[in-house]
Structures are given as C-alpha cells and as structure tokens.
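In: Coordinates only, no sequence provided:
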C-alpha cells in the first residue's frame with residue numbers, strides 16, 4: 001500500500017525548484033507542490049486552514065504559535081535566508097545617518113512588529129550598534145498597498161515599545177518617501193527605492209562589506225523561514241522527517257550544482273554580468289555547502305534568532321533549539 005501524497009506549500013526558490021519540476025524524488029514520498037503569489041498567503045493558509053501536510057513558515061510566526069499548540073513541528077530545512085544590514089531604509093530628510101540616529105524616530109514594519117527580517121535587523125543593530133527598539137516609534141502596515149496587520153498570528157510586543165497601525169489608506173513605502181515615517185525595516189525593497197526616489201536611501205548604502213564582515217566574525221547566515229510538518233504525520237510515519245529532510249536537501253543541492261556547472265560557460269545562462277566573479281568570491285568565504293540544512297551547521301544562526309526573539313519580547317520564554325525542531329532531526 002502506497003502512502004498518500006504530501007501536500008507541500010512553499011515558495012518557488014532556487015532551493016525548491018527541483019521539487020516543483022519533479023526532477024528530485026524520494027522513494028516512499030510523493031509530493032504535490034503548491035505555492036501562492038505571496039509568502040503571507042502560504043502562512044495564512046497553513047496557520048488558519050491547516051491546508052498543508054508540509055509547508056514553509058516564517059520562524060517568527062512559528063515561534064509565536066509554539067506556545068498555543070500549533071499542530072506542526074519544524075524541520076531544520078531553511079529555504080529562505082538573507083543578510084539583513086541591507087533591509088533598513090531611511091528618509092534622507094529624517095536626520096538619520098547612522099544607527100544611533102534611529103532613536104526617537106518613527107519606523108515602519110510590514111505586517112507585524114517583528115517580522116523575520118525585522119527580528120534579524122533589530123537584533124543585529126542591538127548587538128553591533130547598541131540599538132534599543134523601545135526608543136523608537138513603530139508603525140505596522142502594508143508595504144506598497146494599504147493593509148491591516150496580519151490577522152493570522154498574535155502580535156506581542158513589550159509594553160514599553162510604542163506600536164501603532166498605519167493610517168487608513170496609507171502604505172509604508174509611500175509614507176517613507178513622503179517623510180511620514182523616518183525609516184522602514186523591510187524584507188522587500190520598496191518601490192520608491194526601485195524607482196530611484198531621491199528621498200530614500202539605505203541606512204547602510206555600502207552594505208555588502210558590512211554583511212560579509214558580519215558573516216566572517218559570527219559565522220551567521222541569517223535564517224528567515226523553516227519547513228514545518230504535521231505532528232500527527234510524524235506519529236504515524238516516524239521516518240518521514242528524515243525523508244522530507246532528504247528531499248529538500250537534494251533539491252537545494254541540485255540548485256547549487258547548477259551554479260557550479262554554469263561556471264564552465266561563464267554563467268551565460270544568466271543575464272547578470274560578472275556572476276562568475278561573485279560565485280568565486282563567495283567561494284572564498286563560504287563552505288562548500290554555503291546554504292546548509294540541519295542543526296549542526298546552523299547552530300550559531302539558530303541560537304541568535306532564538307535569543308533575538310526573546311530579547312525583543314515576541315515570546316515569553318527563550319526557546320532552545322531542542323524545543324523548536326523535530327526530535328528525529330536534532331542530530332543533523
């Protein structure tokens with residue numbers, strides 16, 4: 001008797017392409033891949049509708065819901081990760097030229113106070129520059145279109161942190177451009193920046209050297225999202241955790257192999273000039289597996305995000321790695 005196909009909800013990345021096109025398979029595991037136009041849609045369908053057997057979920061949403069009995073458990077699979085010095089944008093007329101200038105300013109954040117990118121940005125600024133979130137005012141809303149805060153997760157924040165909702169009919173990108181807010185912590189680059197607005201710039205315009213230095217010193221490649229699986233599935237099929245980990249790992253490795261193989265042709269499959277040079281420069285700083293899954297290779301990043309989450313008042317306890325991930329994969 002064959003096992004039923006797993007319904008998997010996640011975004012289409014390099015790391016998951018081979019799952020969507022079926023070029024990577026695992027004996028005993030059939031998957032039906034689903035995605036959505038935006039990541040919050042996937043999260044909403046998972047949290048509110050339990051629509052997926054396996055799905056991508058932002059770490060902050062997962063950690064907030066752990067205390068409420070979420071019927072899913074995380075696997076140490078990380079399809080979405082990004083350095084975050086680059087995600088802080090400021091209005092050029094705000095007087096913000098360095099991190100210390102954020103004190104007393106009004107800062108926007110998409111969807112919730114403490115989105116994954118915001119947790120990392122705040123945490124890095126706190127560790128590296130003495131930033132204190134309670135010294136700023138925070139406005140939550142949609143990035144390019146007016147939107148209410150996410151209604152599928154709780155919105156905890158410390159009592160001393162001033163958090164409000166964006167005015168009706170206003171979006172954070174436009175508010176940053178006009179100076180209604182002074183800064184914005186955003187996983188996505190605002191349209192005003194892409195359009196070349198003279199009113200907005202990054203807090204760290206030359207962010208790449210800072211992010212590379214941060215990686216060299218800490219060993220951390222920030223993790224945004226994890227993969228979760230239904231707890232009842234693991235009870236019924238205890239070997240499934242390892243199978244899902246293998247199939248996601250093989251899909252990610254297939255993507256990495258494409259980059260390595262494309263170097264032979266000077267990356268002519270991409271329109272990005274000097275892609276080969278970037279791959280070679282990264283190879284000098286990163287291990288052979290520069291996008292690792294599992295616990296051991298990601299312990300520093302996981303310890304950091306769990307510490308940041310608690311320090312920023314988003315959970316009442318400081319979760320341990322052993323509390324967060326499926327026991328079957330703690331030795332990965």
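Out: Received, thanks. Computed from a predicted model, the values in this text were never measured in an experiment.
In: going forward, measure contacts between C-alpha atoms and count neighbours the same way
Out: Fine.
In: And residue 207, how close does it get to residue 101?
Out: 18 Å (C-alpha to C-alpha, to the nearest Å).
In: So for the two, which residue has more residues nearby?
Out: Neighbour count, other C-alpha atoms under 10 Å: between residue 207 and residue 101, residue 207 has more, with 16 against 13.
In: List the buried residues for stretch 150-158?
Out: 150, 153, 157 (16 or more other C-alpha atoms under 10 Å).
In: same question, stretch 238-252
Out: Neighbour count says stretch 238-252 has 240-241, 244-252 buried, by 16+ other C-alpha under 10 Å.
In: Return the subset of those lying in helices.
Out: 240-241, 244-252 (DSSP state H).
In: Residue 106: which of those residues is nearest?
Out: Closest approach to residue 106 among those (C-alpha to C-alpha): residue 252, at 39.0 Å.
In: contacting residues for the closest one?
Out: 14-16, 18 (C-alpha atoms under 8 Å, 6 or more residues apart in numbering).
In: mind checking the SS state of residue 228?
Out: Classification of residue 228 using DSSP: H, G, I helix; E, B strand; the rest coil returns strand.
In: Which parts of this structure are strands?
Out: Counting by DSSP state E, one finds strands in the chain at the ranges 6-9, 31-34, 54-58, 72-75, 88-91, 106-110, 137-141, 162-165, 183-185, 200-202, 225-230.
In: Go through these and name the closest to residue 331.
Out: strand 72-75 (11.6 Å).
In: residues making contact with the closest one?
Out: Contacts for strand 72-75 (C-alpha under 8 Å, 6+ apart): 226-231, 241, 245, 324-326, 329.
In: from the chain's centre, how far out does it sit?
Out: Put simply, strand 72-75 sits 16 Å off its chain's centre (C-alpha atoms, centre = their mean, to the nearest Å).
In: Show the average pLDDT along that strand.
Out: The average pLDDT for strand 72-75 rounds to 98.
In: repeat for stretch 18-26
Out: Mean pLDDT, stretch 18-26: 94.
In: which residues touch that stretch?
Out: Contacts of stretch 18-26 (C-alpha under 8 Å, 6+ apart): 12, 33, 243, 246-248, 250-252, 254-255.
In: ok, the residues you listed vs residue 182, which is closest?
Out: After measuring the contacts of stretch 18-26 against residue 182 - C-alpha to C-alpha - the closest member comes out as residue 12, at 33.0 Å.
In: OK, contacts around the closest one?
Out: Per C-alpha under 8 Å, 6+ apart, neighbours of residue 12: 20, 35.
In: same question, the one 5 residues further on
Out: By C-alpha under 8 Å, 6+ apart, the contact list for residue 17 reads 251, 255.
In: where's it relative to residue 3, distance?
Out: 23 Å.
In: Tell me what the residue nearest to residue 164 when sequence neighbours are not counted is bridged to.
Out: Spatial nearest neighbour of residue 164, excluding adjacent residues (C-alpha to C-alpha, 6 or more residues apart in numbering): residue 139 at 5.0 Å. In this entry, residue 139 is beta-bridged to residue 108, residue 164, by DSSP bridges.
In: Now that residue 139 has come up, it's in contact with residue 111, right?
Out: No - look at residue 139 against residue 111 with C-alpha atoms under 8 Å: they stay out of range, at 9.6 Å.
In: Setting aside sequence neighbours, what's the nearest residue to the most centrally placed residue in the chain?
Out: For the chain, the residue nearest the mean C-alpha position is residue 224 (2.1 Å; C-alpha atoms, centre = their mean). Of all residues not flanking residue 224 in the chain, residue 81 sits nearest, at 5.0 Å (C-alpha to C-alpha, 6+ apart).
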